[in-house]
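S.K.: Please work out how this folds:
(2 chains)
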Amino acid sequence: MAEVSINENVMDLTPDGPRLKGMRCKNCNNHVFPMQKGCPKCTSDDVEEVQLGTKGTLWAWTIQGFPPKAPPYLGETDPAKFKPYGVGYVELPGQLKVESRLTIADPTALKSGMEMELVGEKIGKDEEGNDLVTFAFAPV
Amino acid sequence: MSDDVAIVGIGMHPFGRHEGVSGMDQGAMAIRTACGDAGIEWKDLQFAFGGSVAAGNPDTMVSQMGLTGLQFINVVNGCATGGSALISAYNTIKSGAFDLGLAIGFDKHERGAFRVNTGKSGERDWYGGSGMALTTQFFGMKINRYMEDYGITQDSLARVSAKAFRNGSINENAWRRQALSEKEVLQSAMLSYPLTQYMFCSPGEGGVALILARADQAHKYTKKPIYLKSAVIRSRRYGSFEVLAPSLALDYADGPTVDASKAAFEAAGVGPEDIDVAQLQDTESGAEIMHMAENGFCEHGEQEEMLAKGETEITGRLPVNTDGGCLANGEPVGASGLRQVYENVLQLRGDAGKRQVPNDPKVAYTHVYGAPGISGVTILSA
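M.R.: Numbers count the residues shown, from 1 in each chain, chains lettered A, B, ... in the order given. Okay, here's the model as predicted:
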């Protein structure tokens, strides 16, 4: 079965991996993820969709230690099979800090300021049995 | 400084889990108690503001309370829902529209962490679906970074929880009434690093009702009116770090707590040094620590020493969360902010029993924070 984006309005799945779609304000150059129709910084509605960067530095992080509720969670919710995962904000230079899953969940291996890059992560299946892919950041 | 609005009656349905009792019935019980406290009947109330997020539209309770035709307005405003009912009632009396009214908040949530559905109709919920959209994660990330920036230790997180459960153990309306040691707190399951299970509050159930009156009529209802000096709600500014945010700005700005706190102190004409007892949002123990500084009670980083010295204990220099806070009471969103005010009214009346703050407290402070980046502050005086 194929791999498909968890939601094409926020993320394209390219041969080079996932690419996030954000908003850039043409008036003040502020960025927001995901795309929205107005700028919260300058209040302009003159905005465009842009691809966000794929490399950045970790700004804040935690580790999700229990299975989230489904719905909405699409991943593993069985406490016996659930594996903790990292969640953090990664600062993308000149754009914004994006909230993301992290590929590692070891508190001794995570440190704010470390270099990270965007990767895809399979999270579940869609109605046709395709693998749904979401985004995550991995240490470089 | 104005004395326009007084709280003349209070009522509370115990917080916790109450099988077979609806959230609205808990709210109705709180109202009956509050009316009794003020020596009035339901039919005397001219208006009501009611808050509930998950337990039905509050105004429908008139069918059991009495169809008196009063003005009843429902408010829903995230984690500041109860506080929003209060500020609406406060402004209604200040405006001169009515003389006597009610702020009621109640709720009843499912077990476990709040389920946050962020999907838009017709598309897959990528945010919650990917395993984000958990309020617990925000609190873990914020305190984790804060500890790094300001040298707060995990022992301090445990001290806050142990204090909360100790205070809860002497509060007959609290949910968690068993004292826990710092060691037990640290050794419980790691939910969202660095926060363990007993460092988090849980969504719960309960109801709180407050009767408000024009200050110049307050003595008709009570021997000891408590004056609402200010009630402020602020939403987030560009650049602040908030719960449930898929992205943040590169710029950094203070959160809504800082804005709400400053505005509330200014409106009341007092400062942090005048506060004798404070109830601060403690969704988890780290939040209480950060909120001590964000509300102006100390500098960032000073909390470590304040906690080690016991300064926020009931007998300390600045008692914080004397009723056990959200940690011991749980968080029924519609009622949570009103619980804080209820506790402060007891403290200022001198009616807080075993957990009474000594030396006759005169000025008290409440603070709520929550989704989607909203904060509410009140200042009360005896």
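S.K.: For residue B:184, see how far away the closest residue to residue B:17 other than its chain neighbours is.
M.R.: Closest residue in space to residue B:17, ignoring its immediate chain neighbours: residue B:205 at 6.1 Å, by CB to CB, 6 or more residues apart in numbering or on different chains. (Glycine included, C-beta is placed from N, CA and C.) Plainly put, residue B:205 is 25 Å away from residue B:184 if you go by CB to CB, to the nearest Å.
S.K.: Do a quick rundown of the helices in the stretch 51-200 of chain B.
M.R.: For the stretch 51-200 of chain B, the helices defined by DSSP state H, counting those that start in this stretch cover B:62-65, B:81-94, B:126-129, B:135-150, B:154-168, B:182-187.
S.K.: most centrally placed residue in chain A?
M.R.: Nearest to the mean C-alpha position of chain A, by CA atoms, centre = their mean, lies residue A:100 at 3.8 Å.
S.K.: which residues does that one bridge with?
M.R.: residue A:88 (DSSP bridges).
S.K.: Now the spatially most central residue of chain B, what are its backbone angles?
M.R.: In chain B, the residue lying closest to the centroid (CA atoms, centre = their mean) is residue B:337, at 2.8 Å. Dihedral angles of residue B:337 (phi, psi; degrees, to the nearest 10) stand at phi -70, psi -30.
S.K.: Tell me the residues of the stretch 1-150 of chain B that contact chain A?
M.R.: Contact residues, the stretch 1-150 of chain B versus chain A (CB under 8 Å from any CB of the partner chain): B:112-113, B:115-119, B:123-134, B:137, B:140-142, B:144-145, B:148.
S.K.: Can you tell me which of those residues are classed as buried?
M.R.: Among the residues of the stretch 1-150 of chain B next to chain A, the ones that count as buried by 16 or more other CB atoms under 10 Å in any protein chain shown are B:113, B:115-116, B:119, B:124-134, B:137, B:140-142, B:144-145.
S.K.: can you give me the strands for the chain?
M.R.: Defaulting to chain A. A:3-5, A:11-14, A:17-25, A:31-32, A:47-51, A:55-64, A:85-92, A:96-102, A:115-125, A:131-139 (DSSP state E).
S.K.: right idea, wrong chain: chain B
M.R.: Ranges of strands within chain B are B:5-16, B:47-51, B:71-75, B:100-108, B:190-192, B:195-196, B:205-214, B:226-235, B:247-248, B:277-280, B:363-370, B:374-381, based on DSSP E.
S.K.: Residue B:44 and residue B:65, how far apart?
M.R.: 12 Å.
S.K.: ok, the two, which is more surrounded?
M.R.: Per other CB atoms under 10 Å in any protein chain shown, whichever of residue B:44 and residue B:65 has more neighbours is residue B:65, with 20 against 16.
S.K.: Wait, that one touches residue B:27, no?
M.R.: No. Using CB atoms under 8 Å, residue B:65 is not in contact with residue B:27; the gap is 9.4 Å.
S.K.: what's the pLDDT at residue B:1?
M.R.: Per-residue confidence (pLDDT) for residue B:1: 37.
S.K.: swap in the one 4 residues further on?
M.R.: The model reports residue B:5 with a pLDDT of 97.
S.K.: dump the residue contacts of it.
M.R.: Each residue near residue B:5 by CB atoms under 8 Å, 6 or more residues apart in numbering or on different chains is listed here: B:90, B:93, B:94, B:212, B:213, B:214, B:215, B:227, B:228.
S.K.: give me that answer again for 10 Å
M.R.: B:89-94, B:101, B:212-215, B:218, B:225, B:227-231 (CB atoms under 10 Å, 6 or more residues apart in numbering or on different chains).
S.K.: can you check residue A:1 too?
M.R.: Counting by CB under 10 Å, 6+ apart, residue A:1 makes contact with A:125, A:126, A:128, A:129, A:130, A:131.
S.K.: Quick check: the first one touching residue A:74?
M.R.: By that I understand residue A:125. Yes. Counting by CB atoms under 10 Å, residue A:74 is a contact partner of residue A:125 at 8.4 Å.
S.K.: out of residue B:205 and residue B:184, which sits in the more crowded spot?
M.R.: Per other CB under 10 Å, whichever of residue B:205 and residue B:184 has more neighbours is residue B:205, with 26 against 16.
S.K.: re the thing from before, how about JSON lines for the strands of chain A, with distance to residue B:21 added?
M.R.: Listed next are these as JSON lines, based on distance: least, CB to CB, whole Å:
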{"stretch": "strand A:3-5", "distance to residue B:21": "45"}
{"stretch": "strand A:11-14", "distance to residue B:21": "45"}
{"stretch": "strand A:17-25", "distance to residue B:21": "46"}
{"stretch": "strand A:31-32", "distance to residue B:21": "43"}
{"stretch": "strand A:47-51", "distance to residue B:21": "49"}
{"stretch": "strand A:55-64", "distance to residue B:21": "33"}
{"stretch": "strand A:85-92", "distance to residue B:21": "36"}
{"stretch": "strand A:96-102", "distance to residue B:21": "38"}
{"stretch": "strand A:115-125", "distance to residue B:21": "37"}
{"stretch": "strand A:131-139", "distance to residue B:21": "40"}
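S.K.: which one of those strands lies closest to residue B:303?
M.R.: The closest of these to residue B:303 is strand A:55-64. By CB to CB, the value is 18.8 Å.
S.K.: Report the buried residues of that closest one.
M.R.: Result for strand A:55-64 [16+ other CB under 10 Å]: buried residues A:56, A:57, A:58, A:59, A:60, A:61, A:62, A:63, A:64.
S.K.: Would you mind naming the residues that bridge with the first one?
M.R.: What it means is residue A:56. residue A:116.
S.K.: Pretty sure it sits against residue A:137.
M.R.: Yes. Using CB under 10 Å, residue A:56 makes contact with residue A:137 at a distance of 7.5 Å.
S.K.: Identify the contacts common to those two.
M.R.: Contacts common to residue A:56 and residue A:137, judged by CB under 10 Å, 6+ apart, are A:89, A:90, A:92, A:98, A:100, A:115, A:116, A:117, A:118.
S.K.: Name all residues that make contact with residue B:303.
M.R.: B:146, B:150-152, B:156, B:159-160, B:286, B:288-293, B:297, B:311-312.
S.K.: go with 6 Å
M.R.: B:289, B:292 (CB atoms under 6 Å, 6 or more residues apart in numbering or on different chains).
S.K.: dump the residue contacts of residue B:253.
M.R.: Taking CB under 6 Å, 6+ apart, one finds B:237, B:239, B:240 in contact with residue B:253.
S.K.: ok, the last one - how many residues close by?
M.R.: In other words, residue B:240. 20.
S.K.: Nearest residue to it in space, ignoring adjacent ones along the chain?
M.R.: residue B:255 (4.4 Å).
S.K.: That neighbour and chain A, how far apart?
M.R.: 14 Å (CB to the nearest CB, to the nearest Å).
S.K.: That residue - how many residues pack around it?
M.R.: Neighbours of residue B:255 (other CB under 10 Å): 23.
S.K.: repeat for residue B:246
M.R.: Neighbour number of residue B:246 under other CB under 10 Å is 21.
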